[in-house]
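Visitor: kindly return the folded structure for what I paste below:
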Amino acid sequence: MSRPHGRQAHQSRPIKISFDGLARVDGSARFSFGPIAALSSVSGPIEVRLAVENAAQATLEVSVRPLSNVPATEAKAMASTVRALLTPAMILTNHPRTLIQIVSQALVPSGSMSGPRSVNNNALTAAMVNA
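Guide: Numbering: from 1, shown residues only. Sure, this is the predicted structure:
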């Protein structure tokens with residue numbers, strides 16, 4: 001039995017992680033699982049806009065972007081889920097009145113965001129480790 005891209009039933013897609021040195025960010029990583037790939041970056045703590053400043057803890061901003069077009073409902077829902085998962089894990093009270101910005105960019109054409117979800121999460125994790 002063969003699977004898409006000529007793989008056998010016992011073969012998995014190749015995994016590749018690279019820590020790309022993006023300019024003006026504190027950590028970045030590219031994660032690919034076969035043809036599906038994502039690039040993520042982490043910046044912060046950095047100066048926050050006064051409108052979203054929180055005196056008790058850092059503000060966490062998460063953006064998930066598709067390869068083309070503007071983020072749709074599914075990308076915004078994924079960003080909200082990532083924010084909800086990361087908020088308890090990060091010690092935001094150590095840096096009040098600052099911003100921690102996390103951005104994940106899909107590197108494959110948008111079809112369904114359900115496939116790239118795990119790739120985005122792995123890229124984000126690797127970028128946070130790199131920061």
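Visitor: can you classify the nearest residue to R65 once chain neighbours are set aside by secondary structure?
Guide: Closest residue to R65 apart from its sequence neighbours, by CB to CB, 6 or more residues apart in numbering: Q105 at 4.8 Å. Just so you know, the C-beta spots here come from the backbone N, C-alpha and C atoms, and that holds for glycine as well. Here Q105 is recorded as strand under DSSP: H, G, I helix; E, B strand; the rest coil.
Visitor: please save the CA atoms from the lengthiest helix in the chain in PDB.
Guide: Looking across the chain with DSSP state H, the single longest helix is helix 114-130. The C-alpha trace of helix 114-130 is given here as PDB (Å, rounded to 0.1, in the frame of the first residue of the first chain):
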ATOM      1  CA  SER A 114      -6.100  21.700  10.700                       C
ATOM      2  CA  GLY A 115      -2.900  20.100   9.100                       C
ATOM      3  CA  PRO A 116      -0.600  23.100   9.800                       C
ATOM      4  CA  ARG A 117      -1.900  23.400  13.400                       C
ATOM      5  CA  SER A 118       0.700  20.900  14.800                       C
ATOM      6  CA  VAL A 119       3.400  22.300  12.500                       C
ATOM      7  CA  ASN A 120       2.600  25.900  13.800                       C
ATOM      8  CA  ASN A 121       2.700  24.600  17.400                       C
ATOM      9  CA  ASN A 122       6.000  22.900  16.900                       C
ATOM     10  CA  ALA A 123       7.500  26.000  15.200                       C
ATOM     11  CA  LEU A 124       6.200  28.200  18.000                       C
ATOM     12  CA  THR A 125       7.700  25.900  20.700                       C
ATOM     13  CA  ALA A 126      11.100  25.800  18.900                       C
ATOM     14  CA  ALA A 127      11.100  29.700  18.500                       C
ATOM     15  CA  MET A 128      10.400  30.100  22.200                       C
ATOM     16  CA  VAL A 129      13.300  27.700  23.000                       C
ATOM     17  CA  ASN A 130      15.500  29.800  20.700                       C
END
